[in-house]
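> Sequence unavailable; structure follows:
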């Protein structure tokens with residue numbers, strides 16, 4: 001335990017429901033890079049004198065909601081997920097042609113590597129190959145004064161904590177936000193999953209297929225409930241006899257192949273790898289297993305406009321009702337409702353052009369130069385002088401004044 005020699009107060013995130021009155025105006029360290037840590041930063045920002053946020057292994061950030069273009073209404077950013085868009089700019093290839101929009105809408109900069117452009121939080125994991133923190137609005141508070149970003153911690157002594165960059169500071173309270181470990185104490189030990197990659201499709205116990213674990217994996221980005229819905233539907237079709245349960249030998253072979261694939265996909269992340277997937281790949285595979293993946297050719301022959309709606313609409317569970325005659329009309333109506341106001345064919349042609357011209361690769365080179373300058377201290381020095389602050393203001397002007405820069409979800413009515 002890295003904080004065993006720390007003499008201040010240490011809390012787990014699950015113990016904190018709201019800022020503690022006893023620590024008003026005190027010095028706070030938050031340890032961990034997830035969305036709960038971001039929530040704590042937001043809640044405690046006006047409660048603490050100083051907040052240091054230590055993200056020991058780096059993190060990618062994204063925003064859930066905001067304006068993509070100034071004249072458009074704000075929308076959830078995961079609406080950029082249509083079948084055709086994913087073909088043009090594959091998510092598993094780090095969204096070539098589209099990644100720049102993710103950075104711009106998250107931090108107001110085309111050079112915001114990993115969505116934040118903060119050197120203390122940079123790691124070597126490619127975009128879309130690590131869990132993404134979708135509380136990107138917290139980045140608006142990072143100012144190196146009230147909210148100080150930090151990387152790993154090397155040691156603690158009393159109330160002093162030392163960081164990997166050689167700096168140190170004293171703190172009154174530490175809040176740990178390092179995730180949770182599920183407990184299956186009600187199951188025999190030999191049936192408790194130690195690694196979800198050992199389960200068939202992350203769900204079924206191969207030795208006892210009557211034992212299923214639904215809802216324990218999450219996507220890099222996107223809806224966790226979409227995964228839960230498809231897992232449940234797949235199981236329901238097996239248990240109802242609509243599709244057969246595969247023989248154990250075949251399940252084991254598929255499990256072995258899936259384990260190798262996901263280990264390779266997430267090989268550069270140090271986060272737990274057995275409970276995370278890329279949603280598009282996983283849902284496509286599981287829907288084919290469940291035999292509910294839409295038959296595009298039949299849809300095209302039946303109705304050309306319905307086919308257009310299906311490939312242009314954002315991801316929605318209605319896609320997997322298109323093979324059912326009694327639900328086709330309702331499914332198309334749902335997809336059409338979600339399609340309106342999202343990407344158009346013209347937008348997709350622009351993304352294709354930017355992918356072909358390697359626009360994101362060019363930006364990645366500039367990002368690396370920016371990171372090296374920041375790491376050398378030059379960037380921080382320039383930011384502290386008036387000219388540097390003015391140039392930064394000019395750089396971020398479009399995002400701050402033409403777009404919604406806060407991107408908080410709208411209040412419910």
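Received, thanks. These figures come from a predicted structure and were not determined experimentally. Numbering: from 1, shown residues only.
> Skipping its backbone neighbours, what lies nearest residue 80 in space?
residue 343 (6.3 Å; Cβ to Cβ, 6 or more residues apart in numbering). Every residue, glycine included, has its C-beta placed from N, CA and C.
> Distance check, that neighbour against residue 299.
According to Cβ to Cβ, to the nearest Å, residue 343 stands 20 Å off from residue 299.
> which ones are touching the most centrally placed residue in the chain?
Among the residues of the chain, the one closest to the centroid is residue 132, at 2.6 Å (Cα atoms, centre = their mean). Listed by Cβ atoms under 8 Å, 6 or more residues apart in numbering, the contact set of residue 132 reads 60, 61, 62, 115, 220, 221.
> which other helices and strands contact the helix or strand hosting residue 329?
Element membership for residue 329, per DSSP states H and E: helix 328-339. Under the contact criterion of 3 or more Cβ pairs under 8 Å, 6 or more residues apart in numbering; DSSP states H and E, helix 328-339 touches helix 304-312.
> Mind giving me the packing neighbours of the helix it packs on?
Using 3+ Cβ pairs under 8 Å, 6+ apart, helix 304-312 sits against helix 83-88, helix 296-302, helix 328-339.
> Skipping its backbone neighbours, what lies nearest residue 361 in space?
In space, residue 361 is closest to residue 96, 7.9 Å off (Cβ to Cβ, 6+ apart).
> Now the one you found: phi and psi?
The phi/psi pair for residue 96 (degrees, to the nearest 10) reads phi -60, psi 130.
> and the helix or strand just after the helix holding residue 329 with helix 304-312, angle?
Toward the C-terminus, helix 328-339 is succeeded by helix 345-356 as the next helix or strand (DSSP H and E). When axes from the mean of the first three to the mean of the last three Cα atoms, to 10 degrees is applied, the directions of helix 345-356 and helix 304-312 differ by 40 degrees.
> which residues sit against helix 345-356?
Residues external to helix 345-356 that are found in contact with it (Cβ under 8 Å, 6+ apart): 84, 85, 88, 89, 96, 97, 98, 100, 312, 360.
> Pull out the buried residues from that helix.
Residues of helix 345-356 classed as buried by neighbour count (16 or more other Cβ atoms under 10 Å): 347, 348, 351, 352, 354, 355.
> Turn these into CSV, including pLDDT.
Output for those, formatted as CSV (pLDDT from 0 to 100):
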residue, pLDDT
347, 92
348, 96
351, 96
352, 97
354, 97
355, 97
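> Pick out the most distant pair among these.
The largest separation in the buried residues of helix 345-356, counting by Cβ to Cβ, is between 347 and 355 at 12.7 Å.
> any idea which element residue 372 lies in?
helix 359-375.
> Now which of the contacts of helix 345-356 would you call buried?
85, 88, 89, 96, 97, 98, 100, 312, 360.
> And these, which two are furthest apart?
For the buried ones among the contacts of helix 345-356, the maximum inter-member distance is 22.7 Å, found between 312 and 360 (Cβ to Cβ).
> Name the residues that touch the helix holding residue 372?
94-100, 103, 110-113, 117, 119, 122, 354, 379-380.
> which residues sit against stretch 255-263?
Residues from elsewhere that reach stretch 255-263, judged by Cβ under 8 Å, 6+ apart: 197, 198, 199, 200, 201, 202, 206, 273, 274, 277.
> OK, contacts around the third one?
By that I understand residue 199. By Cβ under 8 Å, 6+ apart, residue 199 lies in contact with 193, 205, 206, 213, 255.
> Pick out the most distant pair among those residues.
The largest distance within the contacts of residue 199, taken as Cβ to Cβ, falls between 213 and 255 and amounts to 13.3 Å.
> what's the straight distance from one end of stretch 21-38 to the other?
For stretch 21-38, the first-to-last residue distance is 20 Å (Cα to Cα, to the nearest Å).
> Could you do stretch 10-20 as well?
So stretch 10-20: terminal residues 13 Å apart, Cα to Cα.
> So which bits of it are buried?
For stretch 10-20, by 16+ other Cβ under 10 Å, it's 10, 13, 16, 19, 20.
> what about that stretch, distance to the chain center?
From the chain centre to the centre of stretch 10-20 is a distance of 24 Å (Cα atoms, centre = their mean, to the nearest Å).
> Which residues does that stretch contact?
3, 32, 36-37, 40, 43-44, 47-48, 173-177, 180.
> Poorly predicted segments of the protein, please.
68-70, 271, 377-380, 382-383, 388, 392, 395-396, 398-413 (pLDDT under 70).
> Can you show me the strands along it?
Secondary structure of the chain (DSSP state E): strands located at 9-12, 27-31, 50-54, 60-61, 65-66, 75-76, 132-133, 147-150, 153-157, 160-163, 168-170, 173-176, 218-219, 276-277.
> What pairs with the third one, parallel or antiparallel?
If I follow you right, that is strand 50-54. strand 27-31 (parallel), strand 147-150 (parallel) (DSSP bridges).
> The fourth one now?
Strand partners for strand 60-61, identified by DSSP bridges, are recorded as strand 132-133 (parallel).
> Right, I'll call it a day here.
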